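Asker: The sequence isn't on hand, but the structure is:
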């Protein structure tokens, strides 16, 4: 009897052990060989979707090991070093259950080194143009989710929308990938010979490409395939290239992939990257589930429904009647609400539900981090645009600031030449003149550096700084413009410490904007009454900087609204300058307010927290005029 009980107990323990093991599925290992490092919009979009979709579809843990093997990754080492790195990565873990290549060069790399890269592991070629796979058949342990891009079809779209087109400027990058596509596309574009001339960018740097795109002859178009690296070997992110290209181009831009729709291209028969990633997810899931790769055979994906950007159609005066039948037009203007209110509401409801579901699947920490990064990027972009516009308005100031030291250098040099020629130059005189030239050179360099910092693209970078130094630099920056407008400026400094943690360039932009607004406000005030007073005051843990003018003050209907987007008192103003100022101040943990002074004029006050860290001695209390 006791023996029977022991057998029953043992059987129960074994069953419990088997049940516990079933609850913990094994971690699957997926090696992703990616062609481009971060910055290629197509690959980034595809890889992000694929990883998220596969994790959700698998229902169990997946460990992704992502290695860049394309032209912008592992620069320098031979291919064998890349192979050794991959194998060493799996030295202390199980070999991968699946290898996935992303884009063409990675597929070529994997096929070339198949025997060295886990030959028994299933290999899935994804997001690869059929051209890269060539005519070689897939092996028994290989599958592919390929695309058959129709680049001549994009040229057909260009000619349908703009029949007068006679030249197409091709942006396909430099290096091996650029050379591959140029050779391939020159063959495919043979049927356009005599009708369209194709100009290639593979021997140009990005600044030269932008310069060429801004001066294209009439009846031209731009075909953006990718850039990656330019002729100098410099690597650029697609989003930055597209933004600069869209700003500079004097001809419409076209592309072959839907991820670029909304970044500045007109549109056309575009390849859907979302569909490509979904098909890859499905194939990878089938293989991980145990299906043989030889049974996962899919036809190459073709371009999808023609899609166009309504804003670009309007910009280049392309009539919608010229679009191919069945085209989808996105990003329509404000009248879309009046014409299709029901559709917009239904779409908004669907998008809201979808957004809620997506947010529920994402980790809170990841969402918060992404929101912070996006906020800083938007702030940097908006501040950069505003800063460049402000510096453009100060162009005459820059010119006249440089005239003084440069003229002094020329006069000193001429005086030295005359003294040398007349043999009257003593060593002491020569040394004194050379010191003057050197001092004037340093002064000119400081002027150039001060304006260069304001023009440079900039991200928020906080460090300890003296706010009174920022005020002084700002007054120097706009000093000539003040003198030209016959405006008197008074700077009243506090005796307390004004050391804060902040970004000097962005804070200087805040005060330049406030001073420029104050000067504009006093344009109608008689000379002799135009004054700006800048005061710094420390109250406890806060420092306040106020900018007061003697202008007409804020209109009664705008008091309390000047920091609202698109609200402005200037006839030609856009109403975003003070919005950017407020955003920068709040990014520093401070606030800004505007009010009318009882004696006339407007007062803008910026309040920031004083840093508790050690800082240099405060600047002595003086008044600057």
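Answerer: Received it, and whenever you're ready, just let me know what you need. Note that this is a predicted model, so its numbers are computed, not measured.
Asker: any chance you could map the strands in the stretch 51-200 of the chain?
Answerer: Ranges of strands within the stretch 51-200 of the chain are 62-68, 98-102, 123-129, 142-147, 167-171, 197-200, based on DSSP state E, counting those that start in this stretch.
Asker: where does residue 233 land in three-state SS?
Answerer: At residue 233, secondary structure determined by DSSP: H, G, I helix; E, B strand; the rest coil is coil.
Asker: Just give the number of residues close to it.
Answerer: For residue 233, the tally of surrounding residues (other C-beta atoms under 10 Å) stands at 11. For the C-beta atoms, the positions are set from N, CA and C on the backbone; glycine is no exception.
Asker: just residue 287 next, same as before
Answerer: For residue 287, the neighbour count with other C-beta under 10 Å is 20.
Asker: got it, and residue 420?
Answerer: Per other C-beta under 10 Å, the neighbour tally for residue 420 reads 11.
Asker: does it sit in a helix or strand, and which one?
Answerer: Element membership of residue 420, judged by DSSP states H and E, is helix 395-421.
Asker: Report the mean per-residue pLDDT for that helix.
Answerer: Confidence for helix 395-421, expressed as mean pLDDT, is 67.
Asker: now swap in stretch 105-118 and tell me
Answerer: When pLDDT is averaged over stretch 105-118, the result is 86.
Asker: got the buried residues for it?
Answerer: For stretch 105-118, burial by neighbour count (16 or more other C-beta atoms under 10 Å) applies to 105, 106, 107, 108, 109, 110, 111, 113, 114, 117, 118.
Asker: Relative to residue 48, which of those is nearest.
Answerer: Ranking these by separation from residue 48, with C-beta to C-beta as the measure, puts residue 106 on top at 16.3 Å.
Asker: which ones are touching that closest one?
Answerer: Residues in contact with residue 106 (C-beta atoms under 8 Å, 6 or more residues apart in numbering) are 33, 34, 35, 69, 70, 128.
Asker: Would you check how far apart the second one and residue 553 are?
Answerer: In this case it means residue 34. Going from residue 34 to residue 553 by C-beta to C-beta, to the nearest Å gives 59 Å.
Asker: and the gap between the residue nearest in space to the middle of the chain and residue 227?
Answerer: By C-alpha atoms, centre = their mean, the mean C-alpha position of the chain lies nearest to residue 240, the distance being 5.0 Å. Counting by C-beta to C-beta, the separation of residue 240 from residue 227 is 10 Å.
Asker: just residue 244 next, same as before
Answerer: Going from residue 244 to residue 227 by C-beta to C-beta gives 10 Å.
Asker: Could you name every residue contacting both of these two?
Answerer: Counting by C-beta under 8 Å, 6+ apart, the contacts common to residue 244 and residue 227 are residue 206.
Asker: of these two, who's got more company?
Answerer: A direct count of neighbours by other C-beta under 10 Å for residue 244 and residue 227 places residue 227 higher, at 26 against 17.
Asker: wait, what's in contact with the more buried one?
Answerer: The contact partners of residue 227, taken as C-beta under 8 Å, 6+ apart, are 171, 172, 173, 206, 209, 236, 238, 241.
Asker: among the residues you listed, which one has the lowest pLDDT?
Answerer: For the contacts of residue 227, the least confident entry is residue 173, with 81.
Asker: That one and residue 154, how far apart?
Answerer: 17 Å.
Asker: Who has more neighbours out of these two?
Answerer: For the pair residue 173 and residue 154, the greater number of neighbours falls to residue 173 (27 against 23), based on other C-beta under 10 Å.
Asker: Make sure that one is actually in contact with residue 231.
Answerer: No. Taking contacts as C-beta atoms under 8 Å, residue 173 lies outside contact range of residue 231: 9.3 Å.
Asker: got any residues that touch both of these two?
Answerer: Here residue 173 and residue 231 share the contacting residues residue 202, scored by C-beta under 8 Å, 6+ apart.
Asker: What is the nearest of the contacts of residue 106 to residue 598?
Answerer: When those are ranked by distance to residue 598 (C-beta to C-beta), residue 34 comes first, at 64.5 Å.
Asker: Phi and psi next, for that closest one.
Answerer: In this entry, residue 34 is assigned phi and psi values of phi -110, psi 140 (degrees, to the nearest 10).
Asker: which non-adjacent residue is nearest it?
Answerer: Spatial nearest neighbour of residue 34, excluding adjacent residues (C-beta to C-beta, 6 or more residues apart in numbering): residue 102 at 4.6 Å.
Asker: Give me the neighbour count for the one you found.
Answerer: By other C-beta under 10 Å, 30 other residues sit near residue 102.
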